[in-house]
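Chemist: Just a sequence and a predicted model for now, questions to come.
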Amino acid sequence: MTRTKSIFLWFSVGGLGLRDLRILALIHGWYGKRIVKNIEKRAPDWSVKAAKLPSGLPPILDDTEEYVEGVLKQVDGEAVDLLLFLSEEASTAQLLPDLAEALGAEAVIAPADDYGWLPRGLERQLAEELRSLGVYAVFPRPFCSLSGGEHPAVREFCRRFGAPKLKIRLSGGVVEEVEVVRGAPCGSTHYMAEKLRGVKAEEAPHLAGLYTQLYPCLATHTHDPAIKSSCGTIHISGELAMKAVEKALKEAQTP
């Protein structure tokens, strides 16, 4: 498939509104399905669809057209604003630029919950190719570390999904209520929030990290060389949940 540079416009006033956000998730299996299910359940008036990516592709394809067409047929070629690239195989990444262009996507979120799915060198290559097409892209490691972006579609997504953001109400030093302002795309934040009700405030941060990992968290135990941490991405997810609870406790409302 021949790639040509495209320029996409985002109309937030008098045209396409943020509430009309059109999302297409490109998935392989259980990992992507669970994320899509959670987003569909908790998103506002967004269009959320999913298409299955091919598996077992060779490391280098001379022509991606056949595989790209196979994905497009699943969604009747409908244009989208935001692509969620939830691939579980590194070789599938070579389809992303052509898919983004064919679908008219303005922005891409390509999380790396497992380094093997998106090595840093491949991320840089994708970022360059997408940039040349006028497509904004972010590559959160892990997905629940995403907290914003320069493109309106990504910012709108991050109002609801990404790095955990909470509001907590205390009563007598005990967690009475937890409101999820922004939750991990996999749904672990909402699970954790329910489990924290009735917990002593001083125990809440530690338990938040534990419940996030037990959900189970979709991030890997394997170290990601692209992150300045000796821990696996699953531990980073737990730390993000802990910090969110600690911050919410400092701002907590007490009857």
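Modeler: Perfect, thanks for sending it.
Chemist: partner residues bridging Lys52?
Modeler: Counting by DSSP bridges, Lys52 forms beta bridges with Ile27.
Chemist: ok, now which ones touch it?
Modeler: Ile27, His28, Val71, Gln74 (C-beta atoms under 8 Å, 6 or more residues apart in numbering). The C-beta positions use only the backbone N, C-alpha and C, and glycine is treated the same way.
Chemist: Any figure for the gap between the spatially closest residue to Ala127 that is not a sequence neighbour and Arg120?
Modeler: Nearest residue to Ala127, sequence neighbours excluded (C-beta to C-beta, 6 or more residues apart in numbering): Ala137, at 5.6 Å. As judged by C-beta to C-beta, to the nearest Å, Ala137 and Arg120 stand 14 Å apart.
Chemist: Have a look at those two and say which one is more surrounded.
Modeler: The residue with more neighbours, out of Ala137 and Arg120, is Ala137; 25 against 15, by other C-beta atoms under 10 Å.
Chemist: pretty sure that one is in a strand, no?
Modeler: Yes. With DSSP: H, G, I helix; E, B strand; the rest coil as the criterion, Ala137 is part of a strand.
Chemist: mind listing what it touches?
Modeler: With contacts defined as C-beta under 8 Å, 6+ apart, Ala137 is in contact with Ala107, Val108, Ile109, Ala110, Leu126, Ala127, Leu130, Arg131.
Chemist: Could you check which helix or strand contains Val245?
Modeler: For Val245, the enclosing helix or strand under DSSP states H and E is helix 233-250.
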